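Asks: just to be clear, the model below is a prediction. Sequence and coordinates:
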Amino acid sequence: RKEVEQDPGPFNVPEGATVAFNCTYSNSASQSFFWYRQDCRKEPKLLMSVYSSGNEDGRFTAQLNRASQYISLLIRDSKLSDSATYLCVVNIDYNTGKLIFGQGTTLQVKP
Amino acid sequence: DAGVIQSPRHEVTEMGQEVTLRCKPISGHDYLFWYRQTMMRGLELLIYFNNNVPIDDSGMPEDRFSAKMPNASFSTLKIQPSEPRDSAVYFCASSPRGQVPYEQYFGPGTRLTVT
């Protein structure tokens, strides 16, 4: 079983739609959680951290359920520029910052 | 400020040749990570350093791969001899030591093709 699992998609949605991505992780000792974004043929970049209480950054909302070992990302009012691959990322070692990346979920927003 | 710098950006080589990938982390960052990304396996951590010392190389696929960090501003990943299955994008990332969450800053990657 992979340490971090995501539905690869692709998710094809029209502009303005709301879309949600899910992710599960296997290590219950995981400490910190993130969503990274990767544009085609580019490097991954941090989108947002995920906190237990849930957190929002503009049109983006991240949620964490530690009991179910489940992380989600909600994007409201999708823009064409949101088209990218979204990587679910878990830190299992607080002292090192070592990250485990999911395979990513691809989003394509259509006009 | 300059981000993580990697060179070369593209490398095409023949099977059996030695390949050296280079990385300059962001100044002041304590951690340096080497990743490999393929369609089949996604982004895999190969090795990481803390203050120039290798901490975990369990992701290095085999002895053909080696990595060094002679000083805080330079690291290399070497493949000798290279094989077609090594074809991938290799990313270097650096991270500051500080409060959680740690953000890793990735370089643009080296796209390696081994024929």
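Replies: Thanks, I have it.

Asks: would you mind naming what in chain A lies close to chain B?
Replies: Within reach of chain B by Cβ under 8 Å from any Cβ of the partner chain, chain A has these residues: A:31-32, A:34, A:42-46, A:49, A:87, A:91, A:94, A:96-104. Glycine gets a C-beta too; all of them are placed from N, C-alpha and C.

Asks: mind redoing it with 10 Å?
Replies: Within chain A, the positions adjacent to chain B are A:2, A:4, A:6, A:8, A:31-34, A:36, A:38, A:41-46, A:48-51, A:85, A:87, A:89, A:91, A:93-104 by Cβ under 10 Å from any Cβ of the partner chain.

Asks: give me the number of residues near the residue nearest to residue B:14 when sequence neighbours are not counted?
Replies: Once flanking residues are discounted, residue B:14 sits nearest to residue B:115: 5.6 Å by Cβ to Cβ, 6 or more residues apart in numbering or on different chains. As a burial measure, residue B:115 scores 10 neighbours (other Cβ atoms under 10 Å in any protein chain shown).

Asks: likewise for residue A:87?
Replies: Residues lying near residue A:87 (other Cβ under 10 Å) number 26.

Asks: one more: residue B:5?
Replies: When counting by other Cβ under 10 Å, one arrives at 15 neighbours for residue B:5.

Asks: wouldn't it be in contact with residue B:21 here?
Replies: No. Residue B:5 is beyond contact range of residue B:21, at 11.7 Å (criterion: Cβ atoms under 10 Å).

Asks: related to what we said a few turns ago, and the residues of chain A next to chain B, which of them are in strands?
Replies: Members of the residues of chain A next to chain B lying in strands (criterion: DSSP state E): A:4, A:6, A:32-34, A:36, A:38, A:44-46, A:48-50, A:85, A:87, A:89, A:91, A:93, A:98-101.
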